[in-house]
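Novice: Here is my input, please return the structure:
(chains A and B)
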Amino acid sequence: MDKKALMLRPVDTVATVVEDVEKGDKVCYVKDGAEMSVIAKESIPAYHKIALKSMKKDEHVIKYGQIIGGMTSDADEGCWISHKNIMSLPRNYEDEL
Amino acid sequence: MNFMGYRRPDGKAGIRNKVLILPTCVCSSETCRIVADQVEGAVYVSNQAGCSEVEQNLKICYDMYSGFAANPNIYATVLVGLGCEGCTPDKMADAIRAKTNKPLEVVVIQDEGGTVNAINKAVKAARKFVQEASLVKKEEIPLSELFIGLECGGSDATSGLAANPVVGKVSDMVVDNGGSAVMSETTEFIGAEHILAKRAATPEIKKQIIGICKDLEEHLANVNQNLRTGQPTPGNKEGGISTIEEKSLGCIYKGGTRPIMEVLEYAQMPTKKGALIMDTPGFDVASVTAMVAGGCQLIIFTTGRGTPTGNIIAPVIKVTGNAKTYANMKDNIDFDASVVLTGEKTIDQRGEELFNEMLEVANGKVTKAEAFGFNECSMQRICKFI
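Specialist: The predicted model follows:
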């Protein structure tokens, strides 16, 4: 079944599904005006994140065009990305000042 | 553009017209509740502290409770103290008078000879003030005198995609009309502070924005604590927010896009107009109260999970971007912004509609939290009681 997700910036590595997604669903999103899709590898609750590419442990996760954390384990394209497999990263305020 | 408000002797304008029964400390808080119960039109706020505090915590208490009295939605204040507390009735009265010349009566329980006498004196003062307040006529007030607070609580992933961007549009519209909008919650700048800092009107304000985030993390590290263990909250995570960075990047949308003119300390009144920031915790109720103490006449509050939060001094308009939450908690939530997720409306369109709803509330429409009479009050503190 086709489901919808929102990709906020073209550089993002995750999209937000806007309805409950079942394993095997085709999840459709728009990137730079082009229709794209990814097959869900697992069930994902509404408003949670789906991986748009395979990601390795420690890789940065990008949403809003910004780093929202680092992977704590590997995840394939189409997997559910949540607090169970990403973590917050320390800030470097000195560099920002 | 105008709203209908109540002109105060200090020159400010309120959108509500209440008499405040104000405790200096926890020991006079219950007395204030009883006094407010006796007088229609009088309200009280609780005080869980006000004594056995280090200097910085006392300062916060003076700033916050004097700010409540000075809030333009308040016609007059009856200050009730115990008499031996750290936050003294004299100094609190001075702090109030330094901010406003509105009517003020001070009642001290130990001086009056106990609770019954204190209640007697306070009720008489409150009854007189309520009658006077009823004679203040509403008049046209320019929108440039509106000062709104922007808050979020019980966020989920829809907050950053729908509710906060819609509120951000309202913030820009208020600022463009010459008014002010303050965004708070320093915790929820962390991970997005570099973006927020780009909106700073001056290099000094940029440093302050980064500085309050750095200070908060260092403050917690000094007591061997880390905000990442409590933020995001369990409900945030269940709602699809996985890290503080993700939460913050969604949160800051509610502050709009206009230049940030001032970074305020907790519960401080602004000296500038336009888009402002206040240094408060990510604890929503303690942020709402601080912005009300700073002078906000009205609060717009986004929620994804759904929350009942109200404030007895300033009306709180609750907005959600989650259609299920709106359907599930209609008696708590005023405005559904989820239509921007389905594409039925743009963020700008729904923002303009929320702006109109805000004007109605400014003109007197009762919000859902107001109808319940909700009166949450919480205050930031920097360390243990002493």
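Novice: Identify the residue spatially nearest to the residue positioned nearest the centre of chain A, adjacent ones excluded.
Specialist: Compute the mean C-alpha point of chain A, and by C-alpha atoms, centre = their mean the closest residue is residue A:14, 1.9 Å away. Counting by C-beta to C-beta, 6 or more residues apart in numbering or on different chains, residue A:14 lies nearest to residue A:49, which is 4.1 Å off, once chain neighbours are set aside. C-beta here means a position set from N, CA and C on the backbone, and glycine is covered the same way.
Novice: Please verify my assumption that the one you found contacts residue B:240.
Specialist: Yes. With contact defined as C-beta atoms under 8 Å, residue A:49 and residue B:240 form a contacting pair (6.7 Å).
Novice: tell me, what's touching these two both at once?
Specialist: A:16, A:82, B:157 (C-beta atoms under 8 Å, 6 or more residues apart in numbering or on different chains).
Novice: ok, so of these, who is nearest residue B:71?
Specialist: residue B:157 (33.7 Å; C-beta to C-beta).
Novice: Which stretches in chain A count as helices?
Specialist: Taking DSSP state H, the helices of chain A run over residues A:93-96.
Novice: Residue numbers of it in contact with chain B?
Specialist: Contact residues (C-beta under 8 Å from any C-beta of the partner chain) of chain A with chain B: A:6, A:8, A:16, A:18, A:45-49, A:63-64, A:66-69, A:81-83, A:86-89, A:91, A:93, A:96-97.
Novice: Please list all residues in contact with the residue of the stretch 51-200 of chain B found nearest chain A.
Specialist: Nearest residue of the stretch 51-200 of chain B to chain A: residue B:157, at 3.9 Å (C-beta to the nearest C-beta). Taking C-beta under 8 Å, 6+ apart as the criterion, residue B:157 is in contact with A:16, A:47, A:48, A:49, B:239, B:240, B:241, B:250, B:304.
Novice: what's the farthest-apart pair in those residues?
Specialist: Maximum distance among the contacts of residue B:157 (C-beta to C-beta): 14.6 Å, for A:49 and B:304.
Novice: okay, these two: which has more neighbours?
Specialist: residue B:304 (31 against 27; other C-beta atoms under 10 Å in any protein chain shown).
Novice: what's the closest non-adjacent residue to that one?
Specialist: residue B:156 (2.9 Å).
Novice: Please give the number of neighbouring residues around that neighbour.
Specialist: By other C-beta under 10 Å, neighbour count at residue B:156 equals 30.
Novice: mind checking pLDDT for it?
Specialist: Residue B:156 carries a pLDDT value of 95.
Novice: Just to check, it is in contact with residue B:237?
Specialist: No. With contact defined as C-beta under 8 Å, residue B:156 does not count as touching residue B:237 (9.4 Å).
Novice: Residue A:45 - nearest residue in space that isn't next to it in sequence?
Specialist: In space, and not counting its chain neighbours, residue A:45 is closest to residue A:20: 5.9 Å by C-beta to C-beta, 6+ apart.
Novice: which SS class is the closest residue to residue B:95 other than its chain neighbours?
Specialist: Counting by C-beta to C-beta, 6+ apart, residue B:95 lies nearest to residue B:66, which is 3.7 Å off, once chain neighbours are set aside. Secondary structure assignment for residue B:66 (DSSP: H, G, I helix; E, B strand; the rest coil): helix.
Novice: residues in contact with residue B:66?
Specialist: Contacts of residue B:66 (C-beta under 8 Å, 6+ apart): B:92, B:95, B:96, B:98, B:99, B:293.
Novice: repeat that for 7 Å
Specialist: When contacts are counted by C-beta atoms under 7 Å, 6 or more residues apart in numbering or on different chains, residue B:66 touches B:92, B:95, B:96, B:99.
Novice: Just the ones in strands from the residues you listed, please.
Specialist: Among these, DSSP state E puts none in strands.
Novice: Show the contacting residues for the nearest residue to residue B:146 once chain neighbours are set aside.
Specialist: Leaving aside its sequence neighbours, residue B:146 sits nearest to residue B:179 (C-beta to C-beta, 6+ apart; 4.1 Å). Contact analysis of residue B:179 by C-beta under 7 Å, 6+ apart lists B:143, B:144, B:145, B:146, B:147.
Novice: quick one: which of those is nearest to residue B:36?
Specialist: In terms of C-beta to C-beta, no member of these lies closer to residue B:36 than residue B:147, at 24.8 Å.
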